[in-house]
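Visitor: just coords:
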């Protein structure tokens, strides 16, 4: 079995790059000092994330394609959360020389497939040697003439709404830790989140006043909107209906004797689902397919059915 | 002494972000899902690089500010090498929790200062925990209406020219390995390369047919131009005059009993200087300040004074 050390830096680049189809947004793709990407809007949206083996993924739990999908998804989702259309992705790939070349192939295929789902192309990158597989992704996007939807635009009276999975990824993670590796919606949500990319620009066109990607957990992320906007958020527990797959996962965990949070807690605190949360002006409702889960009020902080909620999510250094 | 673990993820982000002044190119800076940067040209130039502790820098040789300068410089130089003006930089920062907060401060200051030298701003990033300090940088740039200067445009008859240091960084690295840590031009070139950013757009305006950042060594990088353009490059040894500081460094290394390459070899094979190399149409000469070092001819490969040269530079996995 060949390794990336056998391929060498330029061999690995050539092999991986062959898996990255280009799009009409790409003026100059991989192979030069830098790529050139269309930015018809005269503004470019840009975001970056790092994934480190052992912290953000485990090679015994996630297949190489899964890691590729997830690495792309979490960045492309940040672009959508600004109300932009993803156009391009850059990849920094650090790995030990004994990494199987097949793993790099699968990773590149997953990354490429997720980019295709969002309409973006992998336009450039860098490969270096390191002890742990470390993946740095930068995603670019185009606003198409729309104003970026920031975190600080929520106003009292606005509706709070979400679209996408909530809690499934956290349940999938708990199942993996408990050794329950049979495929299902929660494992899928954890290993290959499927953000609703097109809903970002759609929400922006609908008039969203604030929006973000739910990556750290709903309470923590809505807390960011509340704090940046100088408002409070009141959530309606009855509107937070768990996905049946989430309820089944919680039962399965209980059956395995694993202490776990209930479905509602997982929806509130579970991270990495990459749903979108947004606020919309009170008049006009929320876009079709979105679920209204509460309201923006004057004040500060978050509450669920009148009870204060504290931010409980992910802090990578705490 | 506080560590980044003491600060926590959000504390570290707030502390580091305070060191990143914004510019007129920044429509939305750090703090949201993504940044928004002006792209008046309707195209954006983008490049990414990873730096891994122990491979690309050592904390006992490089100060935190040095690492910040170098991480920014090697990416901003890639933007300049396309003929573009750097506008923005995104930072992925992975580090162990016991990293002193002062190190993160110094790194951020160096990164910020180098961006300021190139006219760019740090607009976003991500921080995560990892065993080794790992730095992922993405730089963006604006072409200002110019065509990007690629690697594949060199034509027989073109002049080959360079601007910036050649060989000094490799000599500085050899001095550090030999324990000779007193400050000087070669150590500076290795620890804090100072790419001639403005010369990239200037060369593009002058009519450069091909250009790149000399990061892997002059022979290897000119080999990329020759291969991509389907031409040969003939170098003129008499034109490759070593910097006096390079000659002194080689003497010092010999005095220390260290076997080392001669100045010309270091100029040909030494990497990480981040000089710019370009080809220009035969008529019209080369821009003022650039040194003509050879010619493009029909054929393939590189030669020095008629003798074939093989690519000898850096391959991260070989």
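Guide: Nice, I can see it. Since this is a predicted model, take the numbers as computed values, not measurements. Numbering: from 1, shown residues only, chains lettered A, B, ... in the order given.
Visitor: what's near enough to touch the residue of chain A found nearest chain B?
Guide: Residue nearest to chain B within chain A: residue A:136 (3.1 Å; C-beta to the nearest C-beta). No exception for glycine: its C-beta is placed from N, CA and C like everyone else's. Residue A:136 makes contact with A:48-51, A:91-94, B:48, B:50, B:92, B:136, B:138, according to C-beta atoms under 8 Å, 6 or more residues apart in numbering or on different chains.
Visitor: and if we set it to 6 Å?
Guide: For residue A:136, the contact set (C-beta atoms under 6 Å, 6 or more residues apart in numbering or on different chains) comprises A:50, A:92, B:50, B:92, B:136.
Visitor: Now for residue A:23, how many residues are close by?
Guide: Counted with other C-beta atoms under 10 Å in any protein chain shown, the neighbours of residue A:23 add up to 16.
Visitor: wait, isn't it in contact with residue A:121?
Guide: Yes. In this structure residue A:23 lies within contact range of residue A:121 using C-beta atoms under 6 Å: 4.4 Å.
Visitor: Now do the phi/psi pair for residue A:84.
Guide: Backbone geometry at residue A:84, expressed as degrees, to the nearest 10, gives phi -110, psi 160.
Visitor: Same check on residue A:301?
Guide: Residue A:301 adopts backbone torsions of phi 80, psi -180, taken as degrees, to the nearest 10.
Visitor: could you list every residue that touches the closest residue to residue A:224 other than its chain neighbours?
Guide: Distances taken as C-beta to C-beta, 6 or more residues apart in numbering or on different chains place residue A:151 nearest to residue A:224, at 5.5 Å, with adjacent residues excluded. Counting by C-beta under 6 Å, 6+ apart, residue A:151 touches A:210, A:212, A:224, A:225, A:228, B:32.
Visitor: Kindly recompute the last result at 7 Å.
Guide: Counting by C-beta atoms under 7 Å, 6 or more residues apart in numbering or on different chains, residue A:151 makes contact with A:210, A:212, A:224, A:225, A:228, A:229, B:32.
Visitor: do the same with residue A:236
Guide: Residue A:236 sits next to A:293, A:294, A:305 when contact means C-beta under 7 Å, 6+ apart.
Visitor: What distance do you get for it to residue A:284?
Guide: Using C-beta to C-beta, to the nearest Å, residue A:236 is found at 19 Å from residue A:284.
Visitor: Same check on residue A:127?
Guide: 48 Å.
Visitor: surely residue A:169 meets residue A:190?
Guide: Yes. Taking contacts as C-beta atoms under 7 Å, residue A:169 lies within contact range of residue A:190: 4.4 Å.
Visitor: Spit out the residues that contact those two alike.
Guide: Common neighbours of residue A:169 and residue A:190, using C-beta under 7 Å, 6+ apart, are residue A:272.
Visitor: Kindly check the end-to-end length of stretch A:150-168 for me.
Guide: The straight-line separation of the ends of stretch A:150-168 (C-alpha to C-alpha, to the nearest Å) is 26 Å.
Visitor: Please state the offset of that stretch from the chain centre?
Guide: Distance of stretch A:150-168 from the chain centroid (C-alpha atoms, centre = their mean, to the nearest Å) equals 15 Å.
Visitor: Okay, buried residues for it please.
Guide: Within stretch A:150-168, the residues scored as buried using 16 or more other C-beta atoms under 10 Å in any protein chain shown are A:150-151, A:153-154, A:158-168.
Visitor: And for stretch A:255-268?
Guide: Of the residues in stretch A:255-268, A:260, A:261, A:263, A:264, A:266, A:267, A:268 count as buried by neighbour count, 16+ other C-beta under 10 Å.
Visitor: Fine by me, thanks again.
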